[in-house]
Structures are given as structure tokens and as C-alpha cells.
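J.: Kindly generate the corresponding structure for this input.
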Amino acid sequence: MHSTATGFRPLSAHRESPVMPSQAARRLRDELAALGIQADIHEGHGLALMSVWADLVVWTDGWCYRWWSGRKSSHTGRWVYAFAPVDDPVTTARRVALRYAELRQNHPSALLMGSSS
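T.: Alright, predicted model coming up:
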């Protein structure tokens with residue numbers, strides 16, 4: 001992927017993505033649900049975002065899935081992102097589930113879990 005001033009664009013930007021971002025997001029959301037993880041989908045401007053947990057948003061442009069890995073580069077101090085191909089939502093869901101479990105230990109807030117106590 002090449003970065004631009006506004007973010008990322010696919011290497012073959014002249015071609016349409018193989019999957020509509022909303023469709024890719026629904027596929028991943030369904031795989032996450034099978035693992036017991038709920039996600040909300042938000043769509044627009046050629047992207048679909050899945051809000052999974054505090055500090056865990058997965059987004060797709062129809063080419064791949066991306067999310068923050070939880071690490072920062074030791075060289076640049078910038079966030080390091082995880083990537084996964086859009087044609088493998090099953091493996092992506094497992095990887096996102098690992099990050100989700102890690103974050104739940106760091107952010108176990110009842111408020112985030114929807115509790116009203």
C-alpha cells in the first residue's frame with residue numbers, strides 16, 4: 001500500500017476493489033460474531049469501519065482489513081498497524097479476537113460492556 005496525504009490507497013488504485021467495503025465489513029462482523037464478539041459497522045467515503053472495543057477499530061477499503069496492532073515503532077514512534085487480506089475474514093477475525101482479548105484485560109470497563117450498574 002502507498003500512503004497519501006489523506007491516508008492509504010491500494011497499489012492498483014485505478015481498479016475497483018474486489019469487494020464492496022460494506023460487504024467485507026459484514027463478512028468480518030459475522031465471523032467475529034461467531035467468536036462471540038460484537039462489532040458495529042459505519043460506512044462512508046469508500047470505507048467501512050467496525051467498532052469492536054476501546055482502541056480497536058477495524059477498517060476496510062474492500063482490498064484489506066486494517067487495525068492498530070497495539071504497538072508503536074521503536075524507530076519512528078508511529079503506530080504499527082496489522083493488515084489482513086479481505087478474502088480471508090475467518091483468519092482476520094481470529095487475529096482481531098486476539099487483540100480484543102488483550103484490550104479487554106486493559107479496558108474491562110462495565111460501561112464499555114453496556115452494563116448500566
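
J.: Excluding residues flanking it in the chain, which one is nearest residue 65?
T.: residue 84 (4.6 Å; C-beta to C-beta, 6 or more residues apart in numbering). In short, each C-beta sits where N, CA and C put it, glycine included.

J.: any residues touching the longest strand seen in the chain, and which ones?
T.: Longest among the strand segments of the chain by residue count, using DSSP state E, is strand 64-72. By C-beta atoms under 8 Å, 6 or more residues apart in numbering, the list of residues contacting strand 64-72 from outside reads 1, 8, 24, 28, 55-60, 78-86, 89, 92, 96, 99, 102-103.

J.: That strand: partners in the sheet, and parallel or antiparallel?
T.: Sheet partners assigned to strand 64-72 using DSSP bridges are listed as strand 56-60 (antiparallel), strand 79-85 (antiparallel).

J.: show me what contacts the residue nearest to residue 65?
T.: Counting by C-beta under 8 Å, 6+ apart, residue 84 has contacts 64, 65, 91, 92, 95.

J.: In ChimeraX, how would I select the buried members of those residues?
T.: Buried subset of these, written as a ChimeraX selection, criterion 16 or more other C-beta atoms under 10 Å:
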select :64,65,92,95
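
J.: Present the contacts of residue 84 as a markdown table; the columns should include distance to residue 45 and pLDDT.
T.: Formatted as a markdown table, the contacts of residue 84 follow (distance: C-beta to C-beta, whole Å; pLDDT from 0 to 100):
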| residue | distance to residue 45 | pLDDT |
| --- | --- | --- |
| 64 | 17 | 96 |
| 65 | 17 | 97 |
| 91 | 27 | 97 |
| 92 | 22 | 98 |
| 95 | 25 | 98 |
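
J.: Could I get the full set of strands for the chain?
T.: Counting by DSSP E, the strands of the chain are 2-4, 7-9, 40-44, 47-53, 56-60, 64-72, 79-85.

J.: How far off centre is the last one?
T.: When distances are taken as C-alpha atoms, centre = their mean, to the nearest Å, strand 79-85 is centred 8 Å away from the chain's centroid.
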